[in-house]
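Enquirer: Starting from these lines, generate the structure:
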Amino acid sequence: MKIPAKLKKYEEYLKSTEKSAIDIKFKSMETFPWDSKCGGCPYLEKAEDYPRDKDGRPMMFLAQINFDDMPPLEDFPRHGLLQFYIGDDDCFGLDSTCKIVYIPEYKKDKDALLKENPFENNYMGYTPFTDEGKMKFKETSMLIGTESEKLYDMFRNKVTDDEWDALYDLCYPDGCHIGGYPLFVQSPLPCYDNGDTDVVLLQLDCDDECGIMFGDSGNCVFLISKEDLKNRNFDNVVYDWQCC
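Expert: Coordinates of the predicted model:
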């Protein structure tokens, strides 16, 4: 990560906050059931296995990660699929819950899998994306995000306006990614601030290719604790989205 000249005197601290991440870009296209994707049909052998909410209603399939296609990231699985489902309502499940499904072993056999999402045409609300799209991954790294109180504790009343603008440009954690730092459009979640749940399992930000947008220019984030991630326990994932 290159540090701008006007921030060189803070380089040692900024470099100490660097975290590995996986950048995600999308290509609007039909996908195979086992692909890394947004929307479309999840990897599923039977419609009966499709996740439902506490009231028995089918949830909204949001995204799927195939770790065999993704560059390795510390503590994350190296193989298998991870599926993200959210509540099917006008608030994209914000007041209900999410369901994260980990599939350690999968098969690439189209004839043995569902070819279409059995509930996509019956969603009660509209989706936070317009098109199905395949994920493309790229290794990257991120510096301490502008959403972190540690950044303000370090630089509050210590930098010029120009330096603060440069810090903001350098550390703003927007975009779709895995790992790194999250973006909270309104305010950070307490569980992130206190360090209990601070690993970015997935962040989906505004994307023109697949029309991804939560509310008015908003994004969503899924957070997990490092311990749960290591243990492949996805029952306590925190899901949130915020918009302008």
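Enquirer: Buried ones in the longest helix anywhere in the chain, by neighbour count?
Expert: For the chain, the longest helix by residue count, based on DSSP state H, is helix 161-171. Using 16 or more other C-beta atoms under 10 Å as the test for burial, helix 161-171 gives E163, A166, L167, L170, C171. Any C-beta I mention is one placed from the backbone N, CA and C, and that applies to glycine too.
Enquirer: Which residues are in contact with the first one?
Expert: Yep, that's E163 we're talking about. With contact taken as C-beta atoms under 8 Å, 6 or more residues apart in numbering, E163 is in contact with K6, L7, F155.
Enquirer: average pLDDT for the longest helix of the chain?
Expert: Per-residue pLDDT over helix 161-171 has a mean of 95.
Enquirer: how about the nearest residue to V101, chain neighbours excluded?
Expert: Closest residue to V101 apart from its sequence neighbours, by C-beta to C-beta, 6 or more residues apart in numbering: Q83 at 4.2 Å.
Enquirer: ok, now how distant is the one you found from T197?
Expert: Taking C-beta to C-beta, to the nearest Å as the measure, Q83 falls 19 Å from T197.
Enquirer: Repeat that for D109.
Expert: 36 Å.
Enquirer: Looking at those two, which one has more neighbours?
Expert: A count of neighbours by other C-beta atoms under 10 Å puts T197 above the other of D109 and T197, at 20 against 10.
Enquirer: Next one, pLDDT for that one please.
Expert: 91.
Enquirer: Verify the contact between it and V221 for me.
Expert: No - the pair T197 / V221 is not scored as a contact, 10.5 Å apart, by C-beta atoms under 8 Å.
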